[in-house]
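Novice: I need the structure of the sequence given here:
(chains A and B)
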Amino acid sequence: MIVVATNVTYFLANAFLKPASNYLALRPPRTTEQINRSLALYNLNPDKPIMERWWHWASNILLHFDWGSSPTGGNVNDQIGYRALASGQLVLGSTILSIIIGVGLGVFTAARQYKAADRAWQGLSVLSFNTPSAVASLAVVLVTISLNQSLGHSLLPVAGAQDPELSGFWPVFGSRVTHAILPTISLTFISYAGYHLLQRSLLLDNINSDYVRTARSKGLTRQQAIRRHGLRTSIIPVATQVAFAMPTLFTGAVITETVFAWHGMGEYFTKTISTNDVHGAVAVAAFGALMTAIGAILADIAVVALDPRIRVS
Amino acid sequence: MAINMPGVGPDVDGIRPEEADAKELEGAGKPGKRLSPARLYMRRFLRNKPAVVGLVLFVLLALLALTGRFFTHWNYEEADFTALTVSPGSSGHLLGTNPAGNDVYAQLVHGLGRSLIIALTVSLLTTAIAALFGATAAYLGGRTERLMLGFVHFLLILPSFLIIALVGTHFRGEWPVLVVVLTIFGWMLTARVIWSLATSLREREYVMAARFMGVSPLRTIVRHMVRNIGSLLIVTFTLGVASTVQSETALSFIGFGVKQPDISLGAMLADGQNTLSTAPWLFYLPAAVVLLLTVAMALIGDGLRDALDPTSHSGGRA
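Specialist: Next comes the predicted model:
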């Protein structure tokens, strides 16, 4: 499936992006022939039949794992390798956080259905669920800036992935962590609510079922019964939800990375499209598909681990 | 509270006509009075306070988008070079200006209208396509059904955001193009949900009867299957508006959606991003409008689901 999606993106990118425009602004002006000759170096010559270019591109990936190069000669592999790590760190961190917060809140509010706490949290979740990621990340920046100004020194950095002047393992590590806090907060804010609302309604369906009541009658407290028996069955659909949430999280990350100048895949994605970088855009698509696949596999593992009815041989 | 469950309220059918007339005269809302479906839905919807708040908000926003431009003499495209980046309320600009001297209020009204048009059209089109596609797949069954579902699954795994951005840049941010691409890549998930509902409808007697009486498939699909998932479609439509506003905002924000000189809420947010610390009103005004719009739509959608779904108990009885 990843292969098919990547190939379709390759043809679409070739149809809609014009790598030649990178050379049109050069002075002295170049003829079409000159431009095409430089593009041919990077397997982007528009005169060559698309199937030939595709074959060249696909065989390079299969044989050398070489994802091609941008119209001006930059290597896509180098970019992806570095950016995938930065992005993965952000996306994985906020996914884990939002699952923990979402499920935790779901259990907390389901146990207190229609009480004040339930209503308050639900209102907040409806609000955050419908916040566009641009608004969420900019709001986080705005709050931090005003905090920084009122405190007189900068509490948390609002841009970049790390401080470029630092060296040594621990200072760099610390700097990366502090830089990651704000983007993670804004990503978590837009994605936790889905898990919260889903978990709450699922747990409410289960909370009065026979096995929870049996557990109660065997002497467990209400909290214990909900946690050990009700939660276990009702968390399964949430786990499958994670797989489908990955692509949306990826789009959210595009915005967040743009706002926080985080040099990850999302920022690379906007850059490849605005600079007509065919190979780069396709590589981003492949990365997105891979993320979705990883999410799906993780969800499957979680379901198998949780559901007592599924037996793995 | 009116109860129209058989056996619970006074038996209307058992009452003789003259007594029924007397009952009628006692006024609406008394036990025994039958409610038309529309009034029943209305009553359930109005009982849901957040949904009513959402509806009021949405009506106000729509009114602002329609009539807002009559309250200012500024045009959204025109730049006032005597007032660059002034804060709200000064120099005759109601909500201030941006660094290029555009009136923020005029831009806001125009952007809201643009976002609303895009969201409403896309949501309407995707819901219609999804309903027809899902119901057709369920009605035809067999190999065709598997083929159609395979197509949906294939489209679902495509990186749609990326493709929309690709096409969007190619056409230089014209909003009708945005409507087309958002529609093309927006209907699959709904179609899948509708398909799973319609498979159960396919086995119903009235669909069977239509099939055996030789009613044409298209007619059966539209008149019997689509109509019977109508309530779901209305809910999908409202929630679709909220999610389309989000996609449009995201695309315009990173520069692949609506572009200058046209303006949408996402494009305004992108402008506001650069002057966040010096001119924060360029950010929080469009942000507030986007939030109000999406939250209002979500609340309406929730309220409609509770009101239209016969199995839901969240709307209270009746």
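Novice: from the stretch 1-150 of chain B, which residue is nearest to chain A?
Specialist: residue B:50 (8.1 Å; C-beta to the nearest C-beta). All C-beta atoms are positioned from the backbone trio N, CA, C, and that covers glycine.
Novice: burial measure for that residue, as a count.
Specialist: Under the neighbour criterion other C-beta atoms under 10 Å in any protein chain shown, residue B:50 is assigned a count of 18.
Novice: for residue A:171, same thing?
Specialist: By the criterion of other C-beta under 10 Å, residue A:171 has 13 neighbours.
Novice: so how far is residue A:117 from it?
Specialist: For residue A:171, the distance to residue A:117 (C-beta to C-beta, to the nearest Å) stands at 41 Å.
Novice: with residue A:234 instead?
Specialist: Distance of residue A:234 to residue A:117, computed by C-beta to C-beta: 19 Å.
Novice: between the two, which one's more packed in?
Specialist: Neighbours were tallied for residue A:234 and for residue A:117 using other C-beta under 10 Å; the higher tally belongs to residue A:234 (26 against 12).
Novice: these two touch, right, the more buried one and residue A:198?
Specialist: No: no contact is recorded between residue A:234 and residue A:198 when judged using C-beta atoms under 8 Å, the distance being 9.3 Å.
Novice: so how far is residue B:164 from the residue of the stretch 1-150 of chain B closest to chain A?
Specialist: Following C-beta to C-beta, the distance that separates residue B:50 from residue B:164 is 32 Å.
Novice: tell me the phi and psi of the residue of the stretch 1-150 of chain B closest to chain A?
Specialist: With angles defined as degrees, to the nearest 10, residue B:50 shows backbone torsions of phi -60, psi -40.
Novice: so it makes contact with residue B:300?
Specialist: No: Residue B:50 is beyond contact range of residue B:300, at 9.3 Å (criterion: C-beta under 8 Å).
Novice: how about the helices in the chain?
Specialist: With no chain named, the answer covers chain A. Remark: helices of chain A, listed N- to C-terminal, are A:2-16, A:21-24, A:32-41, A:50-64, A:76-110, A:116-129, A:133-151, A:169-206, A:210-217, A:222-225, A:231-234, A:236-260, A:265-274, A:278-306; assignment by DSSP state H.
Novice: that was the other one, I meant chain B.
Specialist: Remark: helices assigned in chain B by DSSP H are B:17-25, B:37-47, B:49-67, B:104-140, B:142-157, B:160-170, B:175-184, B:188-202, B:205-212, B:217-220, B:227-228, B:230-253, B:265-274, B:281-308.
Novice: can you tell which of those is closest to residue A:270?
Specialist: With C-beta to C-beta as the measure, helix B:160-170 is the member of these nearest residue A:270 (7.9 Å).
Novice: what angle sits between the closest one and helix A:278-306?
Specialist: Taking axes from the mean of the first three to the mean of the last three C-alpha atoms, to 10 degrees, one finds helix B:160-170 and helix A:278-306 inclined to each other by 160 degrees.
Novice: can you tell me which of the helices of chain A the model trusts least?
Specialist: Of all these, helix A:21-24 carries the lowest average pLDDT, namely a mean of 68.
Novice: up against chain B, what does the stretch 201-313 of chain A have?
Specialist: Within the stretch 201-313 of chain A, the positions adjacent to chain B are A:247, A:250-251, A:254-255, A:258-259, A:269-270, A:273-274, A:281, A:284-285, A:288-289, A:292 by C-beta under 8 Å from any C-beta of the partner chain.
Novice: could you rerun that using 10 Å?
Specialist: Those residues of the stretch 201-313 of chain A that sit near chain B, judged by C-beta under 10 Å from any C-beta of the partner chain, are A:201, A:244, A:247-248, A:250-252, A:254-255, A:257-259, A:266-267, A:269-270, A:272-274, A:276, A:278, A:281-282, A:284-289, A:292-293.
Novice: what subset of these is buried?
Specialist: Of all those considered here, the ones buried according to neighbour count by 16 or more other C-beta atoms under 10 Å in any protein chain shown are A:247-248, A:250-252, A:254-255, A:257-259, A:266-267, A:269-270, A:272-273, A:276, A:278, A:281-282, A:284-289, A:292.
Novice: what count of nearby residues applies to residue 206?
Specialist: Using chain A. As a burial measure, residue A:206 scores 18 neighbours (other C-beta under 10 Å).
Novice: not quite, I wanted chain B
Specialist: Burial of residue B:206 is recorded as 13 neighbouring residues (other C-beta under 10 Å).
Novice: for it, give its distance to residue B:49.
Specialist: Counting by C-beta to C-beta, the separation of residue B:206 from residue B:49 is 37 Å.
Novice: re earlier: closest to residue B:79 out of the helices of chain B?
Specialist: In this view, these are compared for proximity to residue B:79 by C-beta to C-beta, and helix B:104-140 is the closest at 10.9 Å.
Novice: and the angle for that closest one with helix B:175-184?
Specialist: Angle of helix B:104-140 versus helix B:175-184, following the same axes, to 10 degrees, is 30 degrees.
Novice: give me the mean pLDDT for helix B:104-140.
Specialist: For helix B:104-140, the per-residue pLDDT values average out at 91.
Novice: so what pLDDT did residue B:312 get?
Specialist: Looking at residue B:312, its pLDDT stands at 53.
Novice: give me the low-pLDDT residue ranges for chain B?
Specialist: Within chain B, the ranges that satisfy pLDDT under 70 run B:1-33, B:90-92, B:172-173, B:309-318.
Novice: check contacts around the closest residue to residue B:229 other than its chain neighbours.
Specialist: Ranked by C-beta to C-beta, 6 or more residues apart in numbering or on different chains and with sequence neighbours excluded, the top spatial neighbour of residue B:229 is residue B:197, at 5.5 Å. Listed by C-beta atoms under 10 Å, 6 or more residues apart in numbering or on different chains, the contact set of residue B:197 reads B:134-135, B:138, B:225, B:228-229, B:232.
Novice: widest-spaced pair of those?
Specialist: Comparing all pairs in the contacts of residue B:197 by C-beta to C-beta, the longest separation belongs to B:138 and B:232, at 13.3 Å.
Novice: neighbour count for these two, which is higher?
Specialist: The residue with the greater number of neighbours, taking residue B:138 and residue B:232 and applying other C-beta under 10 Å, is residue B:138; the counts read 24 against 19.
Novice: ok, residue A:116 to residue A:30 distance?
Specialist: Relative to residue A:30, residue A:116 is positioned 69 Å away (criterion: C-beta to C-beta).
Novice: show me which of those two is the more surrounded one.
Specialist: More neighbours surround residue A:30 than the other of residue A:116 and residue A:30, with 15 against 8 (other C-beta under 10 Å).
Novice: which residue is the nearest non-sequential neighbour of the spatially most central residue of chain B?
Specialist: In chain B, the residue lying closest to the centroid (C-alpha atoms, centre = their mean) is residue B:238, at 2.6 Å. Closest residue to residue B:238 apart from its sequence neighbours, by C-beta to C-beta, 6+ apart: residue B:301 at 3.8 Å.
Novice: how many neighbouring residues does that neighbour have?
Specialist: Under the neighbour criterion other C-beta under 10 Å, residue B:301 is assigned a count of 21.
Novice: try residue B:230
Specialist: 11.
Novice: now do residue B:39
Specialist: Close neighbours of residue B:39, defined as other C-beta under 10 Å, add up to 13.
Novice: same deal with residue B:153?
Specialist: Residue B:153 has 12 neighbouring residues, counting by other C-beta under 10 Å.
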